[in-house]
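Trainee: Got a predicted structure plus its sequence, pasted below:
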Amino acid sequence: MAATHVNTRVQKHREVLRKAGLRPVQIWVPDTRRPDFAEECRRQSQLVAEADMADTDMQHFMDAALADIDGWTE
């Protein structure tokens, strides 16, 4: 019977949120507990780093953006 009480409370809470214009969404994220997680992060980071090194246009863009930040903190 306790589960029914909890289910009722959860349903009421969800109804309040829906009336406020919200909706539930489900987001899938990488499982950081997997044994291969760190290695996959390294693999993807290496691919990105290699792509960045090969993209001279992006490097020029970033250099120009860094040169254009004077006065942003004032």
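Mentor: Thanks, I have it.
Trainee: Residues in contact with the one helix or strand Glu39 maps to: which ones?
Mentor: If you go by DSSP states H and E, Glu39 is part of helix 37-54. By C-beta atoms under 8 Å, 6 or more residues apart in numbering, the residues outside helix 37-54 that reach it are 30-31, 58-59. Yep, even glycine has a C-beta here, placed from its N, CA and C like the rest.
Trainee: Tell me how far stretch 24-38 lies from the chain's centre.
Mentor: 11 Å (C-alpha atoms, centre = their mean, to the nearest Å).
Trainee: Now do it, average pLDDT.
Mentor: The pLDDT scores in stretch 24-38 average 96.
Trainee: The residue nearest to the spatial centre of the chain: helix or strand, and which one exactly?
Mentor: Note on the chain: the residue nearest the mean C-alpha position is Val29, at 8.4 Å, using C-alpha atoms, centre = their mean. Counting by DSSP H and E, no helix or strand carries Val29.
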